[in-house]
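Peer 1: model the following, please.
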Amino acid sequence: MIINVPSLLITGASRGLGLELVRQYLVDGWEVHAGMRHPAAASEDVQALKRVYGDALQLQHIDVEDHESIERLAARLAGRPIDVLINSAGTMGNGSFAEQGLQFGKFGSSDYPDWERVFRINVLGPMKMAEAFVEHVARSPQKKIVTLTSILGSIEKNRIGGLYAYRASKAAVNAIMRSMAIDLVRSHGIKSTALHPGWVRTDMGGPHADIDAPTSARGMKELIARLDETMVGRYWMYDGSELPW
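Peer 2: The predicted structure is shown next:
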């Protein structure tokens, strides 16, 4: 009997939420392609998972700023089905909201080269990943593309201002995922959505955030598992609630 093992490709897998998603999918018996910029220098946490799960965990070189690295991996995995593609890699840019609060990214302090890098990672990265791996996802039974966004990308929910580059990048990737959901479900049967992981205690979220990474990852996995055509093109939160654009 041939058992089809579902497969995940995820960017930003070396730490934080990406790493926790890798761990939880491995526990569930998935084959995981964990994309990171420096797989040869993976952290001890990543290496420990590799020792336990062996070939079920494939460490892949992906730098979402380097489109050639994405194209090389897509070519190397040609013909391989990818059930779920998760765009997890992201950045707030230079500085730290966790440490500086709204003083980070305030009006009048814009670092435009940093804006460009934020957009390359948070907006162009997910778009390039989707275009490079659309046929891999289309070959799979589950056919799902998910991009981790942020509640800070919601225009309606913005009541405090600030964080210009990060907010703009997440609003932009939300727009991308909305269009992708419309186009890809028609052309390839692929279900696509934007997903907010919550305010999570990671390096980006800081120690005072609402929830820990396992809680966020568990909720996101549950939502991804039930993602169907009635849910695509909408703006979801890890706990299954829906956010306004």
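Peer 1: nearest residue to the middle of the protein?
Peer 2: Nearest to the mean C-alpha position of the chain, by CA atoms, centre = their mean, lies residue 88 at 2.1 Å.
Peer 1: ok, that residue - contacts?
Peer 2: Shown here is residue 88, whose contacts under the criterion CB atoms under 8 Å, 6 or more residues apart in numbering are 10, 11, 12, 13, 17, 18, 21, 148. Placement of C-beta: from N, CA and C, glycine included.
Peer 1: and stretch 203-219, which residues are buried?
Peer 2: 204, 205, 209, 211, 213, 215, 216, 217, 218, 219 (16 or more other CB atoms under 10 Å).
Peer 1: and what of stretch 35-44?
Peer 2: Within stretch 35-44, the residues scored as buried using 16+ other CB under 10 Å are 35, 36, 37, 39, 42.
Peer 1: name the nearest residue to the fourth one, sequence neighbours excluded.
Peer 2: To tie it back to what came earlier, the one meant is residue 39. Take residue 39 and drop its neighbours on the chain: the residue closest to it by CB to CB, 6 or more residues apart in numbering is residue 59, 3.8 Å away.
Peer 1: likewise for the third one?
Peer 2: For residue 37, the nearest residue in space outside its immediate sequence neighbours is residue 63; the separation is 4.6 Å by CB to CB, 6+ apart.
Peer 1: run a quick neighbour tally on the one you found.
Peer 2: A count of nearby residues for residue 63, using other CB atoms under 10 Å, gives 17.
Peer 1: I'd guessed it sits against residue 73; true?
Peer 2: No: at 10.3 Å, residue 63 does not count as touching residue 73 under the criterion of CB atoms under 8 Å.
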